[in-house]
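**Student:** Okay, sequence plus prediction incoming.
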Amino acid sequence: MADVDDIDDADLPEPSLKNIIDQHSLQWVFVGGKGGVGKTTTSCCLGIQLAKTRKKVLIVSTDPAHNLSDAFCQKIGREPTPIEGFHNLSAMEIDANNDMEEMQRNMEEQGADDEKDGGLSSMMSELTNSIPGIDEAMSFSELMKQVQSLDFDVVVFDTAPTGHTLRLLSFPTILEKALGKVMELKDRFGGLIGQATAMMGGGNNPGATQDAIVGRLEETRVVINKVNDAFQDPALTTFVCVCIPEFLSIYETERLVQELSKFGIDTHNIVVNQVLFPEKDAEELSEWYEGNKDTLPTEAREICGKMLSRKRMQDKYIGQCFDLYGEDFHVSLMPLLDYEVRGVEKLKGFSEFLTNPVDMEE
């Protein structure tokens, strides 16, 4: 299919995700890509395969448009939910926006109970508005503290579309900016803010507001930096890029791979979903079609013609994918099936293609 004839097959990475299953040191596996390319299905299938070799596996959805419940056909909530049919696989769905709103509500309640709060909640709200991403960073910090407190050998993250994922990786920089801004305001205007806070009934300790904000941000930064160090360790973390054989998806994948490289995140696996007949190329199918089209009904000829056009387009982009990644990445081709991959049994069956790819030589 792809033009890799000039490369010795023995030198090519295996076209599967078996390398992830076999790397028992991995603790964090991220699955990401453009919206609508099958990230959730890939995450579920990867979790199922990992459950074969690990004691306890957790799949976490950080995408606001959660699909884990739909994929497994069972209700999955904010706490680890055991997946029916497994003794060692759980899943949970996290909404970062709701987490941040809950955090702000807690701060308001604390402020009502403690006069020394001095406007903590209002200043935190002002900070989140002035520094884009700080709310996501703090929510992610809370998520990671929660996940790390759980007893799981490996966690698979079903992430939001590419842009959200890249913001996640920039959280340490965002927090540094936030701390710098707060400290600058405290140094330059601390006295004035304190006087104004006291005049407005902020309590006997006008410096409590700034100190509390700095404390919260510093605590968040410690967690994020620790997590970031783990994410940059290829023995602990890897990122699986998911795409479909279309131009925009391949383009987005290349952007994602480059950005992950800049952040020092290991990525050496590409999953290409919705592939028509991975075991055949368009030339083979065209030969069959040319030899049989005169015997086909008009409707069948039209259907086959459209299918062949789509197959040629897919082959072109799959070839580009192998040109870009074939020598350094495990590129797994997942077939387009004639049914939805929903429910444990169908996910189990489909997951086998991640470790036992369709034989393109047959």
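**Tutor:** Thanks, I have the structure now.

**Student:** Show me where the stretch 251-362 of the chain dips below the pLDDT cut-off.
**Tutor:** Counting by pLDDT under 70, the ranges of the stretch 251-362 of the chain that qualify are 359-362.

**Student:** hmm, try it at 80
**Tutor:** For the stretch 251-362 of the chain, the stretches with pLDDT under 80 are 358-362.

**Student:** just the strands in it please.
**Tutor:** For the stretch 251-362 of the chain, the strands defined by DSSP state E, counting those that start in this stretch occupy 269-275, 330-335.

**Student:** what does the shortest one rub up against?
**Tutor:** By Cβ atoms under 8 Å, 6 or more residues apart in numbering, the residues outside strand 330-335 that reach it are 13-17, 19, 38, 42, 268-278, 318, 321-322, 325, 350, 353-354, 357-358, 360. Yep, even glycine has a C-beta here, placed from its N, CA and C like the rest.

**Student:** If we use 7 Å, what do you get?
**Tutor:** Strand 330-335 is contacted by residues 13-17, 19, 268-273, 275, 278, 318, 321-322, 325, 353-354, 357-358 when judged by Cβ atoms under 7 Å, 6 or more residues apart in numbering.

**Student:** Sort out which of those residues are in helices and list them.
**Tutor:** Within the contacts of strand 330-335, residues falling in helices by DSSP state H are Asn19, Ile318, Cys321, Phe322, Tyr325, Phe353, Leu354.

**Student:** can I get the strands of the stretch 251-362 of the chain in a markdown table with distance to Val156?
**Tutor:** Below are these laid out as a markdown table (distance: least, Cβ to Cβ, whole Å):
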| stretch | distance to Val156 |
| --- | --- |
| strand 269-275 | 13 |
| strand 330-335 | 15 |
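
**Student:** Mind putting the ones you listed into JSON lines with mean neighbour count and distance to Thr220?
**Tutor:** Formatted as JSON lines, the strands of the stretch 251-362 of the chain follow (neighbours: other Cβ atoms under 10 Å; distance: least, Cβ to Cβ, whole Å):
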{"stretch": "strand 269-275", "mean neighbour count": "24", "distance to Thr220": "30"}
{"stretch": "strand 330-335", "mean neighbour count": "22", "distance to Thr220": "35"}
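
**Student:** excluding its backbone neighbours, what's nearest His24?
**Tutor:** Counting by Cβ to Cβ, 6 or more residues apart in numbering, His24 lies nearest to Thr53, which is 7.2 Å off, once chain neighbours are set aside.

**Student:** That neighbour and Phe277, how far apart?
**Tutor:** Distance, Thr53 to Phe277, using Cβ to Cβ, to the nearest Å: 30 Å.

**Student:** One more: Ala65?
**Tutor:** Look at Ala65 and Phe277: by Cβ to Cβ, they are 30 Å apart.
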